[in-house]
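**Student:** Build me a structure from this.
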Amino acid sequence: MAEFDIGSVIGSAPIAEVEYFQTGFILQLKFITKAQFEAMGKRHTKRQFNRKTHTREDQLDTAGMSRDLAKHCIKGWRGLTPDILFELVPIKDEAKESIRGVEEIGYTEKNAENIVANSYNFDTWLAEICTDISNFQSSDEEGLRGN
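**Tutor:** Sure thing, here's the model as predicted:
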């Protein structure tokens, strides 16, 4: 058996275009490694005193984690329409008519953070997609695996 350094062949995180549940909303997403995901979680975990149990416990800052996940993983999008946005996040009643007049909502880092922070479904989907390397492998790489 040959000695081989796996670390020497690990590349940068790939980016892929992924459609959100056959809606026409297509995102450019970046893979996040286990180490990066764990480091992100660690950065947003704080030790706090629990008065009920009289012990210190880890508390995850989910808002901070969502912001970092959006910033790291979402690199752009196209096809986000008002109807899709209405399915993802709650919209103020007084804003609905003005949003309906928009053909497509453009990508900004802040828009991405707001969707991830305010949509359980999208947040969960994003984490599942961006932590599964098979979503980022080309057909050539699939051939190497024997698929």
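**Student:** Show me what the helix or strand encompassing Ala39 is packed against.
**Tutor:** Secondary structure assignment for Ala39, by DSSP states H and E: helix 34-43. Secondary-structure packing of helix 34-43 (3 or more C-beta pairs under 8 Å, 6 or more residues apart in numbering; DSSP states H and E): helix 62-73. Using the backbone N, CA and C atoms, a C-beta is placed for each residue, glycine as well.
**Student:** Pull out the buried positions in the helix it packs on.
**Tutor:** Met65, Ser66, Arg67, Asp68, Leu69, Ala70, His72, Cys73 (16 or more other C-beta atoms under 10 Å).
**Student:** that older thread, next secondary structure after the helix holding Ala39?
**Tutor:** strand 45-50.
**Student:** what are the ranges of the helices in this structure?
**Tutor:** 34-43, 62-73, 82-88, 93-100, 109-118, 120-130, 139-145 (DSSP state H).
**Student:** Save those helices as TSV, and put in distance to Phe25 and mean pLDDT too.
**Tutor:** Formatted as TSV, the helices of the chain follow (distance: least, C-beta to C-beta, whole Å; pLDDT from 0 to 100):
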stretch	distance to Phe25	mean pLDDT
helix 34-43	23	91
helix 62-73	15	92
helix 82-88	5	95
helix 93-100	15	91
helix 109-118	10	96
helix 120-130	10	95
helix 139-145	24	46
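**Student:** out of those, which comes closest to Val18?
**Tutor:** helix 120-130 (5.7 Å; C-beta to C-beta).
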